[in-house]
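Student: Sequence isn't available, so here's the structure alone:
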């Protein structure tokens, strides 16, 4: 299905642009359809799911007709759709729900991670360990069992035959510096190798510690690049921070992260060499596990 999140963003831009072209304020439009200015503001910033009847009223106020009317209603209808993730509500966490939404309609996903295994490739044991770490930090905004269930469903959709092409650049630090118990980390590395080997649409590249990055800037945090089948749906860059995700749709910002990703990809090992490094790391970890018994 088309990502409702993406279509809400596109609808927001369309409505705001049309209103500004007509020389109307959000408050003026709100009064004419008997709604609050805040409601219009939330709709124009993609913060709420659109109501089709209200969108039609706004289009009447803006005197939109013909093919343009039908196109915007189509976008609004997609934006109002609900996906499987909505049945989880807040129990899977707001951030994970957004990623599930984006993945549902993506054509391609490219990611960079420098501190942990990508959520789309984590094993159940690794996921559960990360849940325990989050709980140790304090209050959590999700239900652990439901988050686990939703994460595995995300992976099922992401890795399905109809899923997007999926490429990850993983810093070697993630592989060499244990962030989970040895047995859990070993199982995670083996799973990465198996997925990258068996899934033709999945590519894992390792950025080696010795990579020469002279003259280039390393990203300060993990980020994701999404493209979509409909050329009218703009590509997105999502930046992962400790407490929130920053969404970029402006062309200049998306291109900035796209360029950063290409630099990372060029400096990373090939897919085959990356599998070799992951296999060596898994073998070394297995030897340490066996020697400690």
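Tutor: Perfect, I can see it now. All values derive from a computational prediction rather than experimental measurement. Numbers count the residues shown, from 1 in each chain.
Student: from here on, contacts and neighbour counts on C-alpha atoms
Tutor: Noted.
Student: Listing request: residues of the stretch 1-150 of the chain with sub-threshold pLDDT.
Tutor: Residues of the stretch 1-150 of the chain meeting the criterion pLDDT under 70: none.
Student: What are the boundaries of the strands in it?
Tutor: 108-113 (DSSP state E, counting those that start in this stretch).
Student: Can you show me the helices along it?
Tutor: 4-21, 26-32, 37-44, 52-61, 66-79, 94-105, 124-137, 144-158 (DSSP state H, counting those that start in this stretch).
Student: Reformat those helices as JSON lines; add mean neighbour count.
Tutor: Shown next, in JSON lines, are the helices of the stretch 1-150 of the chain (neighbours: other Cα atoms under 10 Å):
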{"stretch": "helix 4-21", "mean neighbour count": "20"}
{"stretch": "helix 26-32", "mean neighbour count": "16"}
{"stretch": "helix 37-44", "mean neighbour count": "18"}
{"stretch": "helix 52-61", "mean neighbour count": "16"}
{"stretch": "helix 66-79", "mean neighbour count": "16"}
{"stretch": "helix 94-105", "mean neighbour count": "20"}
{"stretch": "helix 124-137", "mean neighbour count": "15"}
{"stretch": "helix 144-158", "mean neighbour count": "18"}
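Student: Number of residues surrounding residue 240?
Tutor: By other Cα atoms under 10 Å, 18 other residues sit near residue 240.
Student: let me redo that: residue 110
Tutor: 18.
Student: so how far is residue 1 from it?
Tutor: Note on residue 110: its distance to residue 1, by Cα to Cα, to the nearest Å, is 20 Å.
Student: do the same with residue 141
Tutor: 27 Å.
Student: if I pick residue 10, what's in contact with it?
Tutor: The contact partners of residue 10, by Cα atoms under 8 Å, 6 or more residues apart in numbering, come to 75, 233.
Student: Residue 38 versus that one, what's the distance?
Tutor: 19 Å.
Student: Then residue 118?
Tutor: Residue 118 is 36 Å from residue 38, by Cα to Cα.
Student: go on, residue 254?
Tutor: Relative to residue 38, and taking Cα to Cα, residue 254 is found at 28 Å.
Student: Distance from stretch 124-132 to the middle of the chain?
Tutor: The chain centre lies 19 Å from the centre of stretch 124-132; the measure is Cα atoms, centre = their mean, to the nearest Å.
Student: do the same with stretch 232-242
Tutor: Counting by Cα atoms, centre = their mean, stretch 232-242 comes out at 7 Å from the chain centroid.
Student: in that stretch, what counts as buried?
Tutor: 233, 234, 235, 236, 237, 238, 239, 240 (16 or more other Cα atoms under 10 Å).
Student: and if you look at stretch 278-292?
Tutor: Result for stretch 278-292 [16+ other Cα under 10 Å]: buried residues 278, 279, 281, 282, 285, 286.
Student: Let me have those residues in JSON lines, extended by secondary structure and pLDDT.
Tutor: Shown next, in JSON lines, are those (DSSP: H, G, I helix; E, B strand; the rest coil; pLDDT from 0 to 100):
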{"residue": "278", "secondary structure": "helix", "pLDDT": "97"}
{"residue": "279", "secondary structure": "helix", "pLDDT": "97"}
{"residue": "281", "secondary structure": "helix", "pLDDT": "96"}
{"residue": "282", "secondary structure": "helix", "pLDDT": "96"}
{"residue": "285", "secondary structure": "helix", "pLDDT": "94"}
{"residue": "286", "secondary structure": "helix", "pLDDT": "94"}
